[in-house]
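> below: sequence and its predicted model.
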Amino acid sequence: MSRTVAFIGLGHMGGPMAANLVASGFRVRGHDLVTAALDAAAGAGVVPVGTAAEAVADADVVVTMLPAGRHVLDLYGDILAAARPGSLFVDCSTIDVADARQAHRLAGDAGMRALDAPVSGGVVGAEAGTLTFMVGGGEGEFDEARPLLEAMGRRAVHCGEAGAGQAAKICNNMILGVSMIAVSEAFVLGESLGLSHQALYDVASTASGQCWALSVNCPVPGPVPTSPANRDYRAGFAAALMAKDLGLAANAANAGGVRAELGLRAAELYAAYAESAGAAEDFSGIVRTIRGQEGEQP
Ligand code: NAD
């Protein structure tokens, strides 16, 4: 793979990801609408470029890390004509599966190749270069992108054809959202029955209730000292991002006629929670809403 990359979207995730590409020897031409983001990336060795079209003009790979599907599709509309024919477009944003498939189609129609490659691991993983990429698109494109993905992450899983990376991401996060609510409800039920947090944790974490939401991101303080509950629910994985991902899962379930009753309910609960007290706090803070004490100390 050639080592010239255009990187569009240098925010919380894109900034450190672009910096890790530079650190691995890639030549990175970066663009963001926000000057401060562009300046920070320049400090890490990214070549700042005034427009996205200019950034992609002499790149072989174009990485995007943008807020939502409409940003990706609008941007593709602006830059595909400016890119070199055959360039590889790698979208790492978390977007609707339908939008990801549309992005693949737009790229293909313009003579480009594409991958959807959303990530898990958050800002900490982006900074440390330990992200996991879930990738949709052709096998050949995946192999070609491997060195680039390995410069920004620890693991890249080829999930299937166009959109399969986004599909894997939202299905995984639907499991996570539903299981965090289930674990939180169990702790609140246990409280009402006089059961200590530690006792429930000791039983469930070694029994059939075991899951990541319990044993790593435990929503009550005490049993897992590193979980966000022990630092007043500072994220972690922000509730607003969980609400976004569950919304994408709900869109896909509704579009496909899938009876994902708990997933849809989790999407509603997280949307309400993120809108009221918890947008910036860790998604495990939903336990306070279940307890009926939004915004209070546990
Ligand atoms: P962010 O808002 O910090 O960064 C997005 C950047 O895109 C901003 O700097 C914005 O100015 C820029 N941008 C928007 N439109 C643009 C355009 N047309 N041209 C150039 N720049 C443009 O968001 P983030 O936290 O970095 O998240 C990016 C994506 O990664 C989202 O899809 C999010 O869901 C996903 N994600 C985030 C996390 C996380 O923990 N933050 C974790 C996993 C996945």
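Perfect, thanks for sending it. Numbering: from 1, shown residues only.

> in the stretch 1-150 of the chain, what residue comes closest to the ligand?
Residue nearest to the ligand within the stretch 1-150 of the chain: Gly11 (1.9 Å; Cβ to the nearest ligand atom). The way it works is simple: take the backbone N, C-alpha and C, and place the C-beta from them, glycine included.

> on the three-state scheme, that residue is what?
Following DSSP: H, G, I helix; E, B strand; the rest coil, we place Gly11 in the coil state.

> that one: what's it in contact with?
Asp32, Val34, Ala37, Met65, Pro67 (Cβ atoms under 8 Å, 6 or more residues apart in numbering).

> what is the burial count for the nearest residue to Val119 once chain neighbours are set aside?
Residue nearest to Val119 in three dimensions, not counting chain neighbours: Leu131, with 4.4 Å by Cβ to Cβ, 6 or more residues apart in numbering. The number of residues packed near Leu131 is 26, by other Cβ atoms under 10 Å.

> pretty sure Leu131 is touching Val123, no?
No. Leu131 is not in contact with Val123 according to Cβ atoms under 8 Å; the separation is 10.1 Å.

> now do the helices in this structure.
14-23, 35-43, 52-56, 69-79, 97-109, 122-128, 139-152, 164-192, 197-204, 212-215, 239-256, 261-273, 286-291 (DSSP state H).

> returning to what we had before: neighbour-wise, which of the contacts of Gly11 leads?
Neighbour counts for these (other Cβ under 10 Å) peak at Met65, which has 28 neighbours.

> can you list the residues of the stretch 101-250 of the chain near the ligand?
Contacts of the stretch 101-250 of the chain with the ligand, taken as Cβ under 6 Å from any ligand atom, map to Val119, Gly122, Val123, Leu241, Lys244.

> quick one: which of these has the most company?
Busiest of those [other Cβ under 10 Å] is Val119, holding 24 neighbours.

> pLDDT at that residue, what is it?
Looking at Val119, its pLDDT is 97.

> ditto for Gly236
85.

> thought Asn230 was touching Val220?
No. Counting by Cβ under 8 Å, Asn230 stays clear of Val220, with 9.2 Å between them.

> which of the helices and strands in this protein ranks last by mean pLDDT?
In the chain, the helix or strand scored least confidently by mean pLDDT, DSSP states H and E is helix 122-128, which has a mean of 93.

> roughly how far is that one from the heart of the chain?
Relative to its parent chain, helix 122-128 has a centroid offset of 11 Å by Cα atoms, centre = their mean, to the nearest Å.

> with stretch 259-272 instead?
Averaging C-alpha positions (Cα atoms, centre = their mean) puts stretch 259-272 18 Å from its chain's average.

> ok so, going back, okay, the contacts of Gly11 in CSV with pLDDT and distance to the ligand next?
Below are the contacts of Gly11 laid out as CSV (pLDDT from 0 to 100; distance: Cβ to the nearest ligand atom, whole Å):
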residue, pLDDT, distance to the ligand
Asp32, 98, 4
Val34, 97, 4
Ala37, 97, 4
Met65, 98, 5
Pro67, 95, 5
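
> how about Thr206, phi and psi?
Phi and psi for Thr206, reported as degrees, to the nearest 10, are phi -120, psi 10.

> what does the model give it for pLDDT?
pLDDT for Thr206: 97.

> list the contacts of it.
Not one residue lies near Thr206 by Cβ under 8 Å, 6+ apart.

> roughly how far apart are it and the ligand?
Between Thr206 and the ligand the computed distance is 30 Å (Cβ to the nearest ligand atom, to the nearest Å).

> outline the domain layout of the protein.
The chain breaks down by automatic domain parsing into domains covering 4-161, 167-291.

> my guess is Asn20 contacts Leu149, does it?
No. In this structure, Asn20 is not within contact of Leu149 by Cβ under 8 Å, at 10.7 Å.

> could you say which of the domains of the chain is packed most deeply?
domain 4-161 (a mean of 20; mean count of other Cβ atoms under 10 Å).

> which two in the residues of the stretch 101-250 of the chain next to the ligand are spaced the farthest apart?
Val123 and Lys244 (15.0 Å; Cβ to Cβ).

> residue contacts, Pro228?
In this structure, Pro228 makes contact with Asn217, Arg234, Ala235, Gly236, Glu281, Asp282, Ser284, Gly285, judged by Cβ under 8 Å, 6+ apart.

> how about the nearest residue to it, chain neighbours excluded?
Closest to Pro228 by Cβ to Cβ, 6+ apart is Asp282, at 3.6 Å.

> and the one you found, how far from the ligand?
Note on Asp282: its distance to the ligand, by Cβ to the nearest ligand atom, is 11 Å.

> per-residue pLDDT of Ser276, please?
Predicted confidence (pLDDT) for Ser276: 88.
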